[in-house]
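> Show me how the following folds:
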Amino acid sequence: MTTNQFLQTLRENPGKELVFEYRQDFFVPMAYHITEVKNLHIEAVDCGGRPSEDFQTVVQLWVSGDEQVERHMATEKALKIFDIVDRMKPMRGDADILFEWGNEYLPTSNYRPLNAEISDNQVVVKMFIPPTACKPKLELELAGHSTAGCCS
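So this is what the prediction gives:
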């Protein structure tokens with residue numbers, strides 16, 4: 001999901017709670033805050049010696065543990081935060097969006113949204129932790145070629 005796709009989902013669903021599901025039936029607590037929005041430019045070289053660059057928007061979610069609230073953040077409040085960020089440090093709409101989350105029981109990780117499920121009163125962002133991968137091997141597999149000798 002790109003940053004623009006996520007923001008469009010929020011715009012199309014005013015008045016709804018924004019809920020993050022990090023594992024089936026496990027949710028970021030209601031009292032979360034969006035504490036930081038990072039515009040990342042990643043320059044990398046893969047194990048095949050190929051350079052690449054990528055852009056990401058990483059949204060940090062945090063819960064203080066002290067607050068008691070009765071509902072998740074509203075989509076409008078999240079949009080206000082993103083509007084402030086975009087005015088100060090313009091976001092790349094085509095960048096993939098990730099959500100950084102962790103707590104005392106769960107190591108902080110960057111989660112990718114799989115999709116957003118919309119109900120009458122909620123936008124539930126279903127997230128997963130993407131596995132690491134060898135890009136050259138993956139590309140060979142996707143093209144139906146042998147990976148024998150790859151990365152050896």
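> Tell me what the most centrally placed residue in the chain is bridged to.
The residue lying closest to the centre of the chain (CA atoms, centre = their mean) is L98, at 1.9 Å. Judged by DSSP bridges, the bridge partners of L98 are V58.
> how about the helices in the protein?
Here the chain has its helices, by DSSP state H, at 3-11, 75-88, 135-142.
> Can I get those helices in TSV including distance to V45?
For glycine as for every other residue, the C-beta is placed from the backbone atoms N, C-alpha and C. Output for the helices of the chain, formatted as TSV (distance: least, CB to CB, whole Å):
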stretch	distance to V45
helix 3-11	25
helix 75-88	30
helix 135-142	10
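> and stretch 104-117, C-alpha only, in PDB?
Extracted in PDB, the C-alpha atoms of stretch 104-117 (Å, rounded to 0.1, in the frame of the first residue of the first chain):
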ATOM      1  CA  GLU A 104       7.400  -4.300  26.200                       C
ATOM      2  CA  TYR A 105       6.300  -7.800  25.000                       C
ATOM      3  CA  LEU A 106       6.700  -7.400  21.300                       C
ATOM      4  CA  PRO A 107      10.000  -6.300  19.600                       C
ATOM      5  CA  THR A 108       9.600  -3.100  17.500                       C
ATOM      6  CA  SER A 109       9.200  -4.000  13.900                       C
ATOM      7  CA  ASN A 110       8.100  -2.300  10.700                       C
ATOM      8  CA  TYR A 111       4.800  -3.700   9.500                       C
ATOM      9  CA  ARG A 112       3.400  -3.600   6.000                       C
ATOM     10  CA  PRO A 113      -0.300  -3.100   5.500                       C
ATOM     11  CA  LEU A 114      -1.800  -6.100   3.700                       C
ATOM     12  CA  ASN A 115      -5.100  -4.200   3.200                       C
ATOM     13  CA  ALA A 116      -7.700  -2.100   5.000                       C
ATOM     14  CA  GLU A 117     -11.000  -3.600   6.000                       C
END
